[in-house]
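Asks: sequence-free structure coming up:
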């Protein structure tokens, strides 16, 4: 089954404790992206990647890192999480210039 | 700058037709997408316009006018399950960024 898989789905953690949210897709898509969704602000792009070893900043990259060592994986890293990064996060993938498929989301709470 | 505007909320009756508008101002344009998102779930793709005109897909149609920076999503024969948020997103040319509007929450009543 074609899918985008994010883990974990839910996480409560504390300020400053490094965390990684994994994202994996099995559709051989070149394009992968991370978004955060906050009430009243909609989906905002954090980082995106056009292919392996190619990553670019979206609109809200501060406080986040990503890597694209393999085509299927695109982890999101929060080196020192802060409460303002509490949000609902979505990973998405797609062929270039084609619609994106979204993962089920990760609800992150940072205390 | 980049800006995408959609109405925040709309209501409609089961069986009716509703049109959700989206206007955009972006530095370059390379396609407009509409997604549906039910509460607590992931967005799912509905339609894609890159050239002017109407794209029809069953009960859903989407229209684009690039010169006016305007699109709409038309939902016909509304069903209760169409109650959801509808997100307009523009792909910015030469950057591959995708800019989303804040979404339109549609409530369908019996």
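Replies: That came in fine, so what should we check first? Not measured: the values here are computed from a predicted model.
Asks: Just give me the longest strand of chain A.
Replies: strand A:42-51 (DSSP state E).
Asks: Which strands and helices lie in contact with it?
Replies: Applying 3 or more C-beta pairs under 8 Å, 6 or more residues apart in numbering or on different chains; DSSP states H and E, one finds that strand A:42-51 contacts strand A:31-38, strand A:54-57, strand A:65-66, strand B:84-91, strand B:98-100. (Glycine included, C-beta is placed from N, CA and C.)
Asks: Comparing those strands, which yields the minimum mean pLDDT?
Replies: For those, mean pLDDT drops lowest on strand B:98-100, to a mean of 89.
Asks: and that one, what other elements does it pack with?
Replies: For strand B:98-100, the elements it packs on are strand A:42-51, strand B:84-91, judged by 3+ C-beta pairs under 8 Å, 6+ apart.
Asks: which one of those strands is the most hemmed in?
Replies: strand B:84-91 (a mean of 24; mean count of other C-beta atoms under 10 Å in any protein chain shown).
Asks: Distance from the helix or strand of chain B with the lowest mean pLDDT to the middle of the chain?
Replies: Of all helical and strand segments in chain B, the minimum by mean pLDDT, DSSP states H and E falls on strand B:98-100, at a mean of 89. On the basis of C-alpha atoms, centre = their mean, to the nearest Å, strand B:98-100 is displaced by 12 Å from the centre of the chain it belongs to.
Asks: residues in contact with the longest strand of chain A?
Replies: Here strand A:42-51 makes contact (C-beta atoms under 8 Å, 6 or more residues apart in numbering or on different chains) with A:30-38, A:55-61, A:64, A:66, A:68, A:71, A:74, A:76, A:89-90, A:96, B:43, B:87, B:89, B:96-103.
Asks: Next, the angle from it to strand B:84-91.
Replies: Between strand A:42-51 and strand B:84-91, the angle comes out at 50 degrees (axes from the mean of the first three to the mean of the last three C-alpha atoms, to 10 degrees).
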